[in-house]
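In: Need a 3D model of the sequence below.
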Amino acid sequence: MTHHRVTLAAIALTLMAATGAAAQDTGFGAGTPESRYFRVDATVTAGRRGPQLEGYVYNVYDAHATRVRLNVEALDAAGRLIERRVAYVPLDVPPRGRSFFQAPLPAGTTTARVSVLNFEWVPRGAGGGGM
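Out: The predicted structure follows:
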């Protein structure tokens with residue numbers, strides 16, 4: 001085998017191993033930070049202006065989360081996607097705590113899939129110090 005073929009074979013093996021490990025999604029550090037550090041409990045209710053989503057975002061980590069945005073997929077009675085929306089959690093989510101949220105949904109929504117889209121950790125400590 002030439003040097004180039006050996007290099008290409010090594011790259012191919014590395015890529016196959018990496019995609020196999022990513023597909024397993026189990027073990028230490030598996031999943032995205034959004035799925036590891038948060039849990040969402042939400043229901044569709046009949047609001048004054050139509051269906052709305054109400055629920056809590058639970059922070060299962062030891063750091064304060066801010067600017068939490070949710071990915072909301074509104075589904076009809078047959079489970080078909082009506083629309084995707086981004087909803088904002090109005091308050092920060094404390095460590096090992098929860099925050100309430102509400103979001104309007106399109107007409108015809110009977111259920112919704114909700115997940116944390118993104119967030120930011122609040123820096124720990126004030127820094128500074130010194131003289």
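
In: which residue ranges form the helices in this protein?
Out: 3-24, 33-37 (DSSP state H).

In: need the least confident one among the ones you listed, by mean pLDDT.
Out: Lowest mean pLDDT within the helices of the chain: helix 3-24, at a mean of 48.

In: what's across from the residue nearest to residue 59 when sequence neighbours are not counted in the sheet?
Out: Setting aside the residues directly before and after it, residue 59 is nearest to residue 93 in space (C-beta to C-beta, 6 or more residues apart in numbering), at 4.2 Å. To be clear about C-beta, it is placed using only N, CA and C from the backbone, and glycine gets the same treatment. Going by DSSP bridges, residue 93 is paired in beta bridges with residue 65.

In: next one: residue 56
Out: Here residue 56, judged by DSSP bridges, has bridge partners residue 41, residue 100.

In: who touches it in this structure?
Out: 40, 41, 42, 98, 99, 100, 101 (C-beta atoms under 8 Å, 6 or more residues apart in numbering).

In: Look up how far residue 100 lies from it.
Out: With distances taken as C-beta to C-beta, to the nearest Å, residue 56 is found 6 Å from residue 100.

In: mind checking the end-to-end distance for stretch 99-112?
Out: Here the two ends of stretch 99-112 are set 18 Å apart, with distance taken as C-alpha to C-alpha, to the nearest Å.

In: one step back: so how far is residue 99 from the residue nearest to residue 59?
Out: In terms of C-beta to C-beta, residue 93 sits 5 Å off from residue 99.
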